[in-house]
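Student: Requesting a structural model of the entry that follows:
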Amino acid sequence: MTPDPDIPPEYTPEEWQSYQRDPCSWCIKELSNPDPNIRCNAADILRGLAQDAEAAIPALIEGFNDSDQSVRAYCIHAMVDIGYALMGRASSAVPALASLLHDKSAEIRTLAAHALGAIGPSAEAAANELRHLHTDTDENVRGAAEAALAKIEIK
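Tutor: Residues are numbered from 1 along each chain as shown. Purely as a prediction, here's the structure:
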């Protein structure tokens, strides 16, 4: 039997149909896959779904603590686009994102600040944590924190 050229080789026809029916649910499931590359791909797809990925926020928050640094970054990066798309409806991620502002990785701190800024005024609870980043040793972190505060604080 010749493989269907419309189905990626890593999927069975049933898996591909499942993905096509509900990509958000499929990606939520794949965020638990043992392969970190698949977890990264799932987070990246959720990033692209943005407006339609609200149901994935709890799974992405879990991904913030993934043992793989790349998966963590992908999950946080997904929250940036989801935050812009959903604004206050993404506020359940604020406490977890605020805790990431203390991460040892400058990349993680930067992405978390960007995600908080994307969520906007609903992320006001993280404003004090973002202000503490004004003295961060990393220039990108400082810039991301300043930009986030400008989007969060209503003047």
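
Student: element containing Leu60, please.
Tutor: Leu60 belongs to helix 57-63 when assigned by DSSP states H and E.

Student: Give the next helix or strand downstream of that helix.
Tutor: Counting by DSSP H and E, the element that comes right after helix 57-63 along the chain is helix 69-86.

Student: before we move on, back to that, now the helix holding Leu60: average pLDDT?
Tutor: Averaging pLDDT along helix 57-63 gives 98.

Student: Okay, buried residues for it please.
Tutor: Residues of helix 57-63 classed as buried under the neighbour-count rule (16 or more other CB atoms under 10 Å) are 57, 59-61, 63. The way it works is simple: take the backbone N, C-alpha and C, and place the C-beta from them, glycine included.

Student: Can you pull the poorly scored residue ranges out of the chain?
Tutor: Applying pLDDT under 70 to the chain picks out residues 1-5, 154-155.

Student: residues making contact with the helix holding Leu60?
Tutor: Here helix 57-63 makes contact (CB atoms under 8 Å, 6 or more residues apart in numbering) with 28, 31-32, 39, 43, 46, 71-72, 74-76, 78-79, 82, 90, 92-93, 96.

Student: and that helix, how far from the chain's centre?
Tutor: Using CA atoms, centre = their mean, to the nearest Å, we find the averaged C-alpha position of helix 57-63 to lie 8 Å away from the chain's own average C-alpha position.

Student: swap in stretch 37-55?
Tutor: Centre to centre, stretch against its chain (CA atoms, centre = their mean), the figure for stretch 37-55 is 8 Å.

Student: For it, could you pull out the residues that count as buried?
Tutor: Of the residues in stretch 37-55, 38-47, 49-50, 53-54 count as buried by neighbour count, 16+ other CB under 10 Å.
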